[in-house]
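Enquirer: What follows is a predicted structure for the sequence shown.
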Amino acid sequence: MKEEIFTHIDNPAQLEKTYRANKPGFKRAFDVIYPELKGNALADFWHERLNYESDEINWGARGELLLVIGIALLAGLVAKIPHFFGINEDFFYPRNIGFIVFPFVVAYFARRNKLSTGKIAISALVMLAGLIFINLLPNVKTSDTLILSCIHMALLLWCITGFVYVSNAANNVQKRLSFLKYNGDLVVMTALILIAGGIMSAITVGLFSLIGLNINEFYFKNVAIFGLAAAPIVGTFLTQTNPQLVGKVSPVIARLFSPLVLVMLVVYLTAIVYSGKNPYIDREFLLIFNALMVGVLAIVFFSLAETSKAVKTNLEVWVLLLLSALTIIVSGVALSAIVYRIVNFGITPNRLAVMGSNVLILINLLLVTVSLYRTLTKRTEINEVGKVISSYLPVYFVWTIIVTFIFPLVFGFN
């Protein structure tokens with residue numbers, strides 16, 4: 001890419017063609033070689049074009065803004081279904097929490113990416129099948145498969161969101177990594193929206209209480225629930241129309257938290273040895289151990305999605321390599337503990353689901369770690385790590401389908 005830009009630096013048409021063929025790759029290569037081209041009028045133009053950031057908030061086209069407002073209101077109405085139809089909240093929310101948000105985010109990306117009718121139909125049918133299936137499961141409060149199916153249904157909807165996000169570029173590595181980056185940006189933006197909403201709610205309730213009106217119950221049942229449902233949708237809209245809002249925050253978070261999590265993980269694993277806690281015997285500790293593993297895995301993936309765009313030094317790669325290696329240790333201990341429990345206490349839906357997830361995560365981490373090591377030894381570029389991550393994502397999608405739909409049938413809804 002660098003040589004191609006150098007060769008055609010005075011050929012605007014060819015540069016534009018190269019840029020459109022691979023925008024992220026073009027920007028990375030151009031940023032590296034720009035110091036050598038500085039002073040060239042066309043190079044200066046491309047530098048400004050690629051790095052321009054508006055100081056104003058972009059509210060998108062009128063139609064897009066109206067769509068966001070409309071689907072945000074619809075999400076709030078879906079969240080209010082138990083109130084409208086007298087449905088038990090304990091029955092409704094665990095099964096349908098994902099359907100309050102994800103279908104509307106899918107609708108937003110479908111319109112934004114101009115998704116084909118066929119792909120829209122496929123996405124809608126899968127979500128409809130999931131909606132019917134999860135709500136037809138027997139209401140057995142002690143059912144492990146019901147809990148697993150509810151959890152993995154949300155993950156399945158997340159996978160469908162990714163399918164729609166990448167649109168017609170399903171095999172594009174950068175597009176898949178962009179989806180992971182979007183999730184990180186969305187967490188940051190949604191957190192800011194919720195903090196602002198929480199402050200506004202506290203002020204509103206407080207002001208009404210000063211004049212002797214207690215609006216707590218009305219406000220949180222009718223206003224706050226709409227705000228909670230709308231927050232991820234509005235956050236999605238803002239991250240897509242104004243990437244500069246969190247575009248500089250997310251990389252800082254990734255670079256800041258990766259070494260901090262690495263230190264924390266080292267200290268925690270050391271403390272486990274002295275604490276006497278045993279994941280082979282203590283079930284609650286094993287669950288916490290698995291939650292830790294998934295959390296660190298998410299940080300590793302988010303950091304790699306950010307880092308793969310522009311690595312400044314080998315230090316970042318070293319941190320990610322060590323973090324991945326330590327997470328492999330955590331995953332290995334968790335996997336051996338769950339195998340131990342299966343051998344000694346038998347197979348249950350929970351144990352099988354945890355074992356399957358651990359195996360998939362361990363394989364993924366091994367592939368990522370090997371790729372990071374090859375990057376450090378200069379055998380490959382950091383982009384190859386992104387390819388490893390993006391190519392493995394469909395495996396998680398298949399696993400969510402198995403746990404969501406197959407487990408309840410195989411284990412008899414127990």
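Expert: Thanks, I have the structure now.

Enquirer: For the stretch 301-414 of the chain, which segments count as helices?
Expert: 314-345, 349-376, 383-401, 407-410 (DSSP state H, counting those that start in this stretch).

Enquirer: Quickly find the element holding Ile225.
Expert: helix 224-241 (DSSP states H and E).

Enquirer: buried ones in the helix or strand following that helix?
Expert: Counting by DSSP H and E, the next helix or strand C-terminal to helix 224-241 is helix 244-247. Within helix 244-247, the residues that count as buried by 16 or more other CB atoms under 10 Å are 245-246. The C-beta positions use only the backbone N, C-alpha and C, and glycine is treated the same way.

Enquirer: and helix 244-247, average pLDDT?
Expert: Helix 244-247 shows a mean pLDDT of 70.

Enquirer: what do you get for stretch 129-141?
Expert: Stretch 129-141 comes out at a mean pLDDT of 90.

Enquirer: Can you get me the centre-to-centre distance for the helix holding Ile225 and its chain?
Expert: Centroid displacement of helix 224-241 relative to its chain, using CA atoms, centre = their mean, to the nearest Å, is 15 Å.

Enquirer: Point to the helix or strand of the chain where mean pLDDT is at its lowest.
Expert: helix 244-247 (a mean of 70; mean pLDDT, DSSP states H and E).

Enquirer: following that one, which helix or strand shows up next?
Expert: helix 249-275.

Enquirer: what's the offset of that next one from the middle of its chain?
Expert: 20 Å.

Enquirer: before we move on, back to that, make a markdown table from the helices of the stretch 301-414 of the chain and add mean pLDDT, distance to Phe26 and mean neighbour count to it.
Expert: Formatted as a markdown table, those follow (pLDDT from 0 to 100; distance: least, CB to CB, whole Å; neighbours: other CB atoms under 10 Å):
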| stretch | mean pLDDT | distance to Phe26 | mean neighbour count |
| --- | --- | --- | --- |
| helix 314-345 | 86 | 22 | 18 |
| helix 349-376 | 90 | 21 | 19 |
| helix 383-401 | 87 | 13 | 18 |
| helix 407-410 | 90 | 45 | 17 |
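
Enquirer: between these, which gets nearest to Tyr182?
Expert: Between Tyr182 and the helices of the stretch 301-414 of the chain, the tightest spacing by CB to CB is seen for helix 383-401, at 13.3 Å.

Enquirer: does Asn172 really touch Val166, like I thought?
Expert: Yes: using CB atoms under 8 Å, Asn172 is in contact with Val166, at 6.7 Å.

Enquirer: Looking at the two, which is more packed in?
Expert: Each of Asn172 and Val166 has its neighbours counted (other CB atoms under 10 Å); Val166 has more, 20 against 15.

Enquirer: which ones are touching that one?
Expert: Going by CB atoms under 8 Å, 6 or more residues apart in numbering, Val166 touches 172, 175-176, 179.
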